[in-house]
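A.B. asks: Take this sequence and fold it.
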Amino acid sequence: MKILKINIILFLILTNSLMVLGQKNPYWQEPKVDQADSLKNWLESTENDSLKMYINRQLGLYYQERNRFTALEYFKAQLQLAKTLNQKIWEAEALSRLGYVSSSIQNYPGALNYLLAARKLASDPEASRNLWNIALLTDDGDANSARLTVLLENINHFGILNYFVGNYEQAIAYYQEATELNKIRQDEVTASLLHMNRGESFVGLGQYDVAKIELEQALKQAQSSGYTLYTGLIYWDLGKIYEAEGDHIEAEKYYKLSVATNIDINSPDFLGMGYLALAELYKKTSSLDSSYHLAHKALSTYRTMNDSLGMINAHSTLASLFDTRSQIDSAYFYMKEGAALNSIMNKEERVKEFQVLGLNEQLKLNELETEKVLLQSRIRIYGLTAGIGAFFLISILTYRNNIRQKKDKAIIETSYAKLKSTQSQLIQQEKLASLGQLTAGIAHEIKNPLNFVNNFSELSGELIDEAFEELEKLENSEEKEEIIAILKDIKGNLTKVHEHGTRANGIVTSMLQHSRGGSGKMEPTNLNALISEYVNLSFHGMRAGKNPIEVDITLELDPEIKEVSLIKEDFTRVIINLANNAFDAMRKKSLQGFESLKGLEEYHPKLSVRTKIEKDSILIEIEDNGPGIPDEIKDKILQPFFTTKKGTEGTGLGLSITHDIVKAHGGSLALKTSLGEGTVFTVRLAQK
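C.D. replies: Now for the predicted structure:
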């Protein structure tokens, strides 16, 4: 009880100190540097889950524009505690923040999932019942106002996500929806943010005059509300407009205001943007020394906060500067560094995944609509059947009386034709309904790994509580071994969390690849060069991974094979998947042994890759001397989700995707295996 009272006193002191920061609505109050340090100390000492939830939220806000990966961890902790406490609005708030931060680091599919879940919660008026500490989310003490504030921010985050992927008009539509809702809430900070975001979208559309009006209004309301976190970004946006219009003097003024403001409020991300903008501007005006100095400051800033996107932009600017100076070696170095980071970020693939997820959401809606149509169709069938019965009865009666016989017959035939037409439509509609089953299948595959994540996370929380209980009982170090044992259990559980979370991610990624397929064009490709490059890439990937082995690789590539029409980005996955499969098999034989093979200590892994022309076909053979494939599973090896790997090591989609890609190229994939001696995969492509 004494500890609880101390926590409450500390909580009141801290929240009161936050409220002095300027903005009226407590929802927008964020900690300063010294307060963040106090919050971290408090988080370690308190045992109150509700306070932990709030502290994690505040620390997430602090790091949101300083170190986004750190912010993600705090918001995830807030989310788990909110779920445990059954606090739906706090849960929705955490989900929406995770969506915003994920979109900022270009994890667009993850952002969409978070934001959809947040909107579902925040849209339910019942979610605000039994809301903990309403005063931390709204200034009027009304639980529904707190819910509307979270919903407003969620809709705003939807707009930001669409802005990041280039859907400017859709982004503006979301901002307008939030503006209409804010007419009820009347929150000045929200209004300022919406003006700023609308202005940025209008810049994206090239409508600079409208953008200036929005940004100047955003600046005015930011200063009026006291919420100045994004003031430096607004100055930067205005500088970009003037630079686009060719007014370099005004652009420089606003960029310098942006830098000064961001230094003052300690906002490193926007500070880096300001440095880069000035560097690019000075490069245009031939002030190369100043440009070089500012670009380096930007790179240093982004490195400190581990912002990959910022580092990519800084490397690009430095590469361009050295190229202007004809310092080719330095230009190439920075261009190479930027390209390496860019390949990791892989923005275009994430945009595609975002679009696929949007399609899946549309499929769910279509499934519901299909079910509705099916119900209506069944009602029509019953009606038609009853009508046909009535028509037959009338026909019998009229037949007896020999009256209107021909007319009744025509009516019956017409009704029967309508019935057959309706039945045909039902068959097509049921085919459409099966699309929804695909989505359900994906969810089913993901369910088990995610259950492990949730269960072991919950268990880890209980073990940590036990550790605290044991610590309270200790007066000396005699029970130290018991505490260590508990912490080892926690480590084991968290390892399971990582394993199964990785499996869930692998299933989602592979499933998206499986459904997306190739969208490129067939282009003449040097097949031998492609095989050589990607077999080597697969080998080095294996050597850099877990349990590497030495492999003798033999390439027997027919020089008569020149260019072959391929979708290059897809066919490289065929080579990598088959090579990875071979390395995995030989690793298993090397590390675990094979029961039917004698003299295993002399085993030397060997991979042979051959190309040759056979009649009107080109053959690609990838042969390993691994353990081979048992007959009972040989027919299943190309099926989706079938894997021989243990636990969470594989998703079972690699060979299935490979098979689909080969078929899409008009080819075939065959395998020949001998138990204990190895396996040969043969890709056959038609010559064109």
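
A.B. asks: now the strands for this structure?
C.D. replies: 523-526, 552-557, 563-566, 606-614, 617-624, 668-674, 678-686 (DSSP state E).

A.B. asks: would you turn these into a markdown table with mean neighbour count?
C.D. replies: Glycine gets a C-beta too; all of them are placed from N, C-alpha and C. As requested, these are exported to a markdown table (neighbours: other C-beta atoms under 10 Å):
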| stretch | mean neighbour count |
| --- | --- |
| strand 523-526 | 14 |
| strand 552-557 | 13 |
| strand 563-566 | 18 |
| strand 606-614 | 17 |
| strand 617-624 | 20 |
| strand 668-674 | 15 |
| strand 678-686 | 19 |
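
A.B. asks: Now distance to Ile160 and mean pLDDT too, for those strands, in a markdown table please.
C.D. replies: Shown next, in a markdown table, are these (distance: least, C-beta to C-beta, whole Å; pLDDT from 0 to 100):
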| stretch | distance to Ile160 | mean pLDDT |
| --- | --- | --- |
| strand 523-526 | 37 | 88 |
| strand 552-557 | 48 | 91 |
| strand 563-566 | 39 | 86 |
| strand 606-614 | 47 | 91 |
| strand 617-624 | 46 | 91 |
| strand 668-674 | 44 | 88 |
| strand 678-686 | 44 | 90 |
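
A.B. asks: Would you tell me which of those gets closest to Ala117?
C.D. replies: Ala117 sits nearest to strand 668-674 of all those, at 39.1 Å, using C-beta to C-beta.

A.B. asks: helices or strands next to that closest one in the packing?
C.D. replies: Judged by 3 or more C-beta pairs under 8 Å, 6 or more residues apart in numbering; DSSP states H and E, strand 668-674 is in contact with helix 654-664, strand 678-686.

A.B. asks: In contact with the closest residue to Asn625 other than its chain neighbours, which residues?
C.D. replies: Excluding the flanking residues, the one nearest Asn625 by C-beta to C-beta, 6 or more residues apart in numbering is Gly678, at 4.1 Å. With contact set as C-beta atoms under 8 Å, 6 or more residues apart in numbering, Gly678 has these partners: 623-628.

A.B. asks: let's see 6 Å
C.D. replies: Applying C-beta atoms under 6 Å, 6 or more residues apart in numbering, one finds that Gly678 lies in contact with 624-626, 628.

A.B. asks: Now do Asp323 against Asp329, distance only.
C.D. replies: 11 Å (C-beta to C-beta, to the nearest Å).

A.B. asks: out of the two, which sits in the busier spot?
C.D. replies: More neighbours surround Asp323 than the other of Asp323 and Asp329, with 15 against 7 (other C-beta atoms under 10 Å).

A.B. asks: Ala529: neighbour count?
C.D. replies: Here the number of neighbours of Ala529 (other C-beta under 10 Å) works out to 11.

A.B. asks: Then Ala178?
C.D. replies: Ala178: 25 neighbours (other C-beta under 10 Å).

A.B. asks: Ser674 contacts Pro627, doesn't it?
C.D. replies: No. Checked against C-beta atoms under 6 Å, the pair Ser674 and Pro627 is beyond contact range at 10.0 Å.

A.B. asks: Turn the contacts of Gly678 into TSV, columns for distance to Ser290.
C.D. replies: Listed next are the contacts of Gly678 as TSV, based on distance: C-beta to C-beta, whole Å:
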residue	distance to Ser290
Asp624	58
Asn625	62
Gly626	60
Gly628	66
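
A.B. asks: For Glu91, state which of the residues you listed is nearest.
C.D. replies: Nearest member of these to Glu91, counting by C-beta to C-beta, is Gly626, at 48.0 Å.

A.B. asks: nearest residue to the closest one other than its sequence neighbours?
C.D. replies: Ranked by C-beta to C-beta, 6+ apart and with sequence neighbours excluded, the top spatial neighbour of Gly626 is Ala585, at 3.2 Å.
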